[in-house]
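**Student:** Sequence first, then the predicted structure:
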Amino acid sequence: MIILKMKLDRFKDFEPKVRELVLRFEKQRDEGGGFLDVDQLEVVADYYMEVYDVEGLEAAVSMGERLFPTNDGIRLRRAHLLGIQGQYGKALKLLQELENHSPNDTDVCYALGALYSMTDQGRKSISYYLKAAVDGYELGTIYGNVADEYYKLGDMEQAVRYYRKAVAEDPNEQRSLYNLACTWDALGRHEDAEAFFSKQVMEHPYSNGAWYCLGCVYGWMGLYEKAADAYEYAVAIDKTQTDAYFGLSDCCRRMGDFGRAVQALRDALESAPDRPYVLYSIGRLYLDAGNYHTASTYLHDALNEDPSYALAWNNLGLCSESLGYDEEAAGYYRRAIDLDPDTDSHWLCLADLYLRTLRFAQAAALLEESRIDAEDPFPFVTRLCYCYFKMGKRERLLDLLLSEKHRFPSLGQTLLTQYPDMRNDIDLVTLLLK
């Protein structure tokens, strides 16, 4: 039953004709025969591009090349595929051949714009996107792409200009709506953003994207009640808009309305694409509120749906430790480390548990194992110094201090502030403050 639902859901936003052609193509591919004309194959290939199915795109393009080896439409989609696969040189060569053959083909211009974007050649990307705009087709998307390139180039004013042009062409261009809000936020121009999105929702009252962005803007301004109202409108229009539920929950939390914050996330569960994250987030709300038993329940629910969710294991450890179940907490922290060894906080949580329970040798072994690859070694070094101090490993402590003092000039002062009992060692204090 679940498999059938997944197969149907992948065509949710596509016309019945597209669904029919894709299923027909897949049946022919599985049976090793059949025929689709070039226009039909282009529809199939474009579907696979839109849903990021590289294997399906490869199959559609390969069939097209076998049946229509010189067709420019099929060759264009091969260029798209090469770009997706990171074969930029081959993709560029093929697109340049297509451009020489049809210099005014806006589809080719768009593909070149996308390729130059992938290879961080923003100016060329913008030039080709604007060439693609001359036919007046999908201008909301194209202007949004141009704005993205200007943003990456650091030209925020031009980014704002083109995001606005994109929204003017297509009021439901969600990417441009949100990026416009974020660009104004980066510029500190919240009043401009508030005025724009307030007008936008007046002119397009059923635009859930505009209401969502207005909620974001009010939230950035600290106007949480207004933000919550805007998010409420967004989810009333589209009950599947998970981000708006999260925005609403955050505003309610900041206003001290814990029950409403939790309820917003519960409402998101029905349609959320990532249920474990929503369950984790509910658990985190209860954890922050000090309700560790209920937090544990939701974290277990998240892990039942995704046992590899390292952050949920870590937070389950925090709950257990707060409830006094130290050994259970240590096991949860270790599980988080095993699943996600690159996250510093998992290691530090376990190290801190060992320090709190005076297991300095275990803490030292853990920190020695993890500090070399840590994203931020400083908190590992401070804890390890303290372990050596408490274990009486003075020579190791001095070696570590001498090797790390130049990298971390504040190390000595941090140790004395964080671990006041080190001040009782006058010789050590003298060394640390040198």
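**Tutor:** Cool, the structure landed.
**Student:** what comes up buried for stretch 247-265?
**Tutor:** 247-253, 257, 261-265 (16 or more other C-beta atoms under 10 Å). Heads up, the C-betas are built off the backbone N, CA and C, glycines and all.
**Student:** and if you look at stretch 45-56?
**Tutor:** Buried-residue list, stretch 45-56, by 16+ other C-beta under 10 Å: 45, 46, 47, 48, 49, 56.
**Student:** what do you get for stretch 57-71?
**Tutor:** Under 16+ other C-beta under 10 Å, the buried positions of stretch 57-71 are 57, 58, 59, 60, 61, 63, 64, 65, 68.
**Student:** The last one reaches residue 75, doesn't it?
**Tutor:** No: under the criterion of C-beta atoms under 8 Å, residue 68 makes no contact with residue 75, lying 9.3 Å away.
**Student:** list the contacts for residue 270?
**Tutor:** Residue 270 makes contact with residue 239, according to C-beta atoms under 8 Å, 6 or more residues apart in numbering.
**Student:** Let me see the backbone angles for it.
**Tutor:** phi -60, psi -40 (degrees, to the nearest 10).
**Student:** where's it relative to residue 239, distance?
**Tutor:** 8 Å (C-beta to C-beta, to the nearest Å).
**Student:** re earlier: pull the most distant pair out of the buried residues of stretch 45-56.
**Tutor:** Among the buried residues of stretch 45-56, the pair separated by the greatest distance (C-beta to C-beta) is 46 and 56, at 11.0 Å.
**Student:** shared neighbours of these two, anything?
**Tutor:** Counting by C-beta under 8 Å, 6+ apart, nothing touches both residue 46 and residue 56.
**Student:** okay, now residue 398: neighbour count?
**Tutor:** 14 (other C-beta atoms under 10 Å).
**Student:** confidence score at it?
**Tutor:** pLDDT, residue 398: 93.
**Student:** Just give me the closest of the buried residues of stretch 247-265 to residue 184.
**Tutor:** residue 247 (16.7 Å).
**Student:** Which residues are in contact with the closest one?
**Tutor:** Taking C-beta under 8 Å, 6+ apart, one finds 212, 215, 216, 219, 227, 231, 234 in contact with residue 247.
**Student:** likewise residue 286?
**Tutor:** 262, 292, 294, 295, 298.
**Student:** likewise residue 220?
**Tutor:** Taking C-beta under 8 Å, 6+ apart as the criterion, residue 220 is in contact with 185, 190.
**Student:** What distance do you get for it to residue 190?
**Tutor:** 6 Å.
**Student:** Contacts only, for residue 389.
**Tutor:** Applying C-beta under 8 Å, 6+ apart, the residues near residue 389 are 397, 419, 422, 425, 428.
**Student:** Please compute how far the helix or strand harbouring residue 246 lies from its chain's middle.
**Tutor:** Following DSSP states H and E, one finds residue 246 within helix 242-254. What separates the centre of helix 242-254 from the centre of its chain is 17 Å, taken as C-alpha atoms, centre = their mean, to the nearest Å.
**Student:** same question, stretch 347-361
**Tutor:** With C-alpha atoms, centre = their mean, you get 31 Å for stretch 347-361.
**Student:** Provide the contact partners of it at residue level.
**Tutor:** Here stretch 347-361 has contacts from 314, 317-318, 321, 326, 329-330, 333-334, 336-337, 341, 362-363, 366-367, 370, 374, 379-380, 383, 386-387, 390-391, using C-beta under 8 Å, 6+ apart.
**Student:** What about those, which are in helices?
**Tutor:** 314, 317-318, 321, 326, 329-330, 333-334, 336-337, 362-363, 366-367, 370, 379-380, 383, 386-387, 390-391 (DSSP state H).
**Student:** quick one: average pLDDT of stretch 113-128?
**Tutor:** Rounded mean pLDDT across stretch 113-128 is 95.
**Student:** Tabulate the CA atom coordinates of that stretch in PDB.
**Tutor:** Written as PDB, here are the backbone C-alpha positions of stretch 113-128 (Å, rounded to 0.1, in the frame of the first residue of the first chain):
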ATOM      1  CA  GLY A 113      22.900  30.100 -17.900                       C
ATOM      2  CA  ALA A 114      22.300  27.100 -15.600                       C
ATOM      3  CA  LEU A 115      25.700  25.600 -16.500                       C
ATOM      4  CA  TYR A 116      27.600  28.800 -16.000                       C
ATOM      5  CA  SER A 117      25.800  29.100 -12.600                       C
ATOM      6  CA  MET A 118      27.000  25.600 -11.700                       C
ATOM      7  CA  THR A 119      30.600  26.600 -12.500                       C
ATOM      8  CA  ASP A 120      30.400  29.900 -10.600                       C
ATOM      9  CA  GLN A 121      30.600  32.100 -13.600                       C
ATOM     10  CA  GLY A 122      27.900  34.500 -12.500                       C
ATOM     11  CA  ARG A 123      28.300  37.200 -15.100                       C
ATOM     12  CA  LYS A 124      28.100  34.800 -18.000                       C
ATOM     13  CA  SER A 125      25.100  33.000 -16.300                       C
ATOM     14  CA  ILE A 126      23.200  36.300 -16.000                       C
ATOM     15  CA  SER A 127      23.900  37.200 -19.600                       C
ATOM     16  CA  TYR A 128      22.500  33.900 -20.900                       C
END
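**Student:** I appreciate the help and will end here.
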